[in-house]
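> Got a sequence here, can you build the structure:
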Amino acid sequence: MKQLVATLLLLCSMQRLQAQMTGLYVKAGVGYAFALGAQLSDNTGVPYSGSITYMKYNYPTVSSYDASKVSFAAGAQVYLTAGYMVNNNIGIALQTDLMPAPATNDVYLYNAYNPAGSDVMNAHISRQLSMPFLITPSLLFSTGGNKAFSYYARGGVVLPVYVKMTEDDQYYNPITGADEDVKKETKMKFGIGFSGAMGLRYSFSPQLSVWGEGNIMSLSLYPNKTTITDHTVNGDPANPKLTPIVGSVITYNTTGAYGTASLPAYALPFSHIGFNVGVMYYLNKEKASQSVRRK
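Predicted coordinates:
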């Protein structure tokens, strides 16, 4: 009799361990991403973040140079995900990455020439993304949802749905005291990147769990076109004939040629490494109820 009871208990235990977490789920999380990669400057040699001091009256000779590692997708992150677990170990996910407050990258130039004049000037260039929107379809592998703790890994491609960069170029002429401000908007060409993550999940109930993960993204995007949105001198609208003209458009070519309305194409870095936490909720209650092993 004892052997029969022990056998039945063993079979029930095995059944619980083999129960599968399948069906639809949603996830929401927040995190922070740090710049990853070695790209420091744009196509003109000006750093994305840092400073350059030129030899006065001998431009473009550089007397000092400072550059910091940059990713335009670094900063606070918000993640929204919908997914489907095919079985206890394999699933698919569609993740949306949002950046409510992208980092601003500042560059300071000293003894530089004003592009609209010939006097030596100092400049401050600020670049920032405008609420980028990326989606990441991925494949997910999990150790299983039938225990309180489970581990998972995911990998997929990154698709930019909407990416726009704003730029504010401020010039100051120490000789005349003139301030000049040029604002630009740059839209990116479509590109594909790659993303991966490893994480840990803890289930509070059959449907609700919390998770934490480390992730990495590799992505570079090329500018499509830049539009001049504003141009002022000492706070007043610039002369309509003073370049760059408001409303004018700059395109990017692959020939390496420089022109008044065309510049060589170059890549902007978006790669980063980040850490995220959030909550996960299974929509299929009947199947989710099998996921947490009873004690």
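> partners of residue 25 in the sheet?
residue 83, residue 282 (DSSP bridges).
> scratch that, residue 142
Counting by DSSP bridges, residue 142 is bridged to residue 152.
> Residue 257 versus that one, what's the distance?
According to CB to CB, to the nearest Å, residue 142 and residue 257 sit 51 Å apart. Where C-beta positions appear, they are placed from N, C-alpha and C, glycine not excepted.
> Now the closest residue in space to residue 162 that isn't next to it in sequence: phi and psi?
With sequence-adjacent residues excluded and distances taken as CB to CB, 6 or more residues apart in numbering, residue 162 is closest to residue 133, at 4.2 Å. The phi and psi torsions at residue 133 (degrees, to the nearest 10) take the values phi -130, psi 110.
> got it, and residue 187?
phi -100, psi 150.
> Could you give the number of residues near it?
15 (other CB atoms under 10 Å).
> if we can go back for a sec, neighbour count for residue 142 and residue 257, which is higher?
residue 142 (19 against 9).
> distance of that one from residue 122?
55 Å.
> cool, residue 33 as well?
Taken as CB to CB, the span from residue 33 to residue 122 is 32 Å.
> More neighbours: these two, which one.
Between residue 33 and residue 122, residue 33 has the larger neighbour count (other CB under 10 Å), namely 24 against 16.
> Hmm, that one is touching residue 274, no?
Yes. Using CB atoms under 8 Å, residue 33 is in contact with residue 274, at 3.5 Å.
> what do the two both touch?
Counting by CB atoms under 8 Å, 6 or more residues apart in numbering, the contacts common to residue 33 and residue 274 are 77, 217.
> Going by residue numbers, what spans are helices in the chain?
Here the chain has its helices, by DSSP state H, at 2-18, 285-288.
> ok, of those, where does mean pLDDT dip lowest?
The minimum mean pLDDT among the helices of the chain belongs to helix 2-18 (a mean of 42).
> which residue sits closest to residue 269 in space, ignoring its chain neighbours?
residue 39 (4.4 Å).
> Now do the same contact list for residue 264.
Residues near residue 264 by CB under 8 Å, 6+ apart: 43, 252-258.
> could you flag which of those are buried?
Taking 16 or more other CB atoms under 10 Å as the criterion, what is buried in the contacts of residue 264 is residue 252.
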